[in-house]
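# Sequence unavailable; structure follows:
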């Protein structure tokens, strides 16, 4: 208020503002009036001037319009780099002016703003009443949270499968976040420290660590790579000049792939680093052949095969007698050398029993054949014509007559056996014989 009262050095001034009994004795003064509620409020301001001789007064009316209803909604917490939607809820206003607290402004009704840096920002919306042009300002504090900075240390970074890597979560303030892991091989995990992860196949794997806080602010990082080297495939073929026979020289044809270095154990005490070694086996038996194939990364693969050395089979057999009687069971003892199986051919059938027994029911001369072999595929055979002569068996028979009537009685025994019988043995049932 500017005082225009006539000058008088002895004047005393008293201002009455009609609000809360407020007064002032200043010559010129400033005073703030407030509207009551949402209605227009009028105040009478009175200035009384007194020079000691007389006093005079002057009054004027002040009309105070209500402030417009300015407000907006926005989330209390947002994440850095997120876009925030501000919704203007003001009533009957225009001339919106936003101050986002980071130096940026807007005149849009419902702006969207992105905070690049974390921090606490005071957002202001100033708007003007459509009816009176009176301004008002609404403020709200927004907490822009920093994004997690996930980080992981991996060791080792490369190697042969199966490769087990150690994973160390090096995210700052690691206890403030929840975590999800993607190991790049189709497997995932959760938790702050999975410890280790094993890669079983060759490849270049990228590890991703994702972190999120309780407000949903999240971020992820992709660790460059874990390189799992390729593995050679070891394989070989066994090459023999002859399937059987000792001593036997055997060569090994290396058909490994992806390998450049080889270590052989040939099962007979011999070793080799040649690509295609040869060795000699002097004794029958099964030998374990082991090949370890290596590539430039020193990744290895191992193959094991069994080689069995066989000598040449020799077919032989024995029987107790070459002469038998009809209905005789003859045992054939197989005495073959270096044989694992047998096949017998008789006059009326075959048998694969190694040492069989065969029934000869009829008389005649009989041939026998034997084929023997072993796992090498080598065989040997023997055939003997008229090996066995089978004679007919005699038919025993007799009758008897009583010689005298008085005991001790004497009996006459008379042979009625078949004519081919030439040797006889009697048993009279009383311990006596002839």
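Structure's in. What do you need? Please read these numbers as outputs of a predicted model, since none were measured by experiment.
# next one: the lengthiest strand in the chain to chain centre, how far?
Among the elements of the chain assigned as strand by DSSP state E, the one spanning the most residues is strand 379-391. Once both centres are worked out by Cα atoms, centre = their mean, to the nearest Å, strand 379-391 turns out to sit 66 Å from its chain's centre.
# Provide the strand pairings for that strand, with the direction of each partner.
Strand 379-391 has the following strand partners under DSSP bridges: strand 323-325 (parallel), strand 364-373 (antiparallel).
# contacting residues around the helix or strand following that strand?
For strand 379-391, the following helix or strand on the C-terminal side (DSSP states H and E) is strand 398-402. Strand 398-402 is contacted by residues 409-417 when judged by Cβ atoms under 8 Å, 6 or more residues apart in numbering. C-beta: built from backbone N, CA, C; applies to glycine.
# Mind listing the strands strand 398-402 pairs with, and their directions?
Paired strands of strand 398-402, with direction, are strand 411-415 (antiparallel) (DSSP bridges).
# Any buried residues in the strand it pairs with, and which?
Within strand 411-415, not a single residue qualifies as buried, counting by 16 or more other Cβ atoms under 10 Å.
# circling back to that earlier point, and the contacts of strand 398-402, which is closest to residue 88?
Each of these was scored against residue 88 by Cβ to Cβ, and residue 417 proved nearest at 138.8 Å.
# hang on, that closest one packs against residue 425?
No. At 11.4 Å, residue 417 and residue 425 do not qualify as touching, with contact defined as Cβ atoms under 8 Å.
# of those two, who's got more company?
Neighbours were tallied for residue 417 and for residue 425 using other Cβ atoms under 10 Å; the higher tally belongs to residue 417 (13 against 7).
# distance of the closest residue in space to that one that isn't next to it in sequence from residue 418?
Once its chain neighbours are removed from consideration, residue 417 has its nearest residue in residue 396; the separation is 5.0 Å (Cβ to Cβ, 6 or more residues apart in numbering). Relative to residue 418, residue 396 is positioned 8 Å away (Cβ to Cβ, to the nearest Å).
# now do residue 182
Residue 182 sits at a distance of 100 Å from residue 418 (criterion: Cβ to Cβ).
# the more surrounded of the two?
Residue environment comparison for residue 182 versus residue 418 gives the larger neighbour count to residue 182, 17 against 11, counting by other Cβ under 10 Å.
# Would you mind giving both backbone torsions of residue 174?
In this entry, residue 174 is assigned phi and psi values of phi -60, psi -30 (degrees, to the nearest 10).
# just residue 176 next, same as before
Dihedral angles phi and psi of residue 176 (degrees, to the nearest 10) take the values phi -90, psi 0.
# On the pLDDT front, check it for me.
Confidence at residue 176, expressed as pLDDT, is 93.
# Please apply the same query to residue 108.
Note on residue 108: pLDDT of 97.
# Thought residue 98 was touching it, still the case?
Yes. Using Cβ under 8 Å, residue 108 makes contact with residue 98 at a distance of 7.4 Å.
# List the residues that contact residue 272.
Listed by Cβ under 8 Å, 6+ apart, the contact partners of residue 272 are 262, 264, 266, 279.
# For the second one, list each beta-bridge partner.
According to DSSP bridges, the partner residues bridging residue 264 are residue 272, residue 291.
# average pLDDT for the longest strand of the chain?
95.
# Same check on stretch 154-173?
95.
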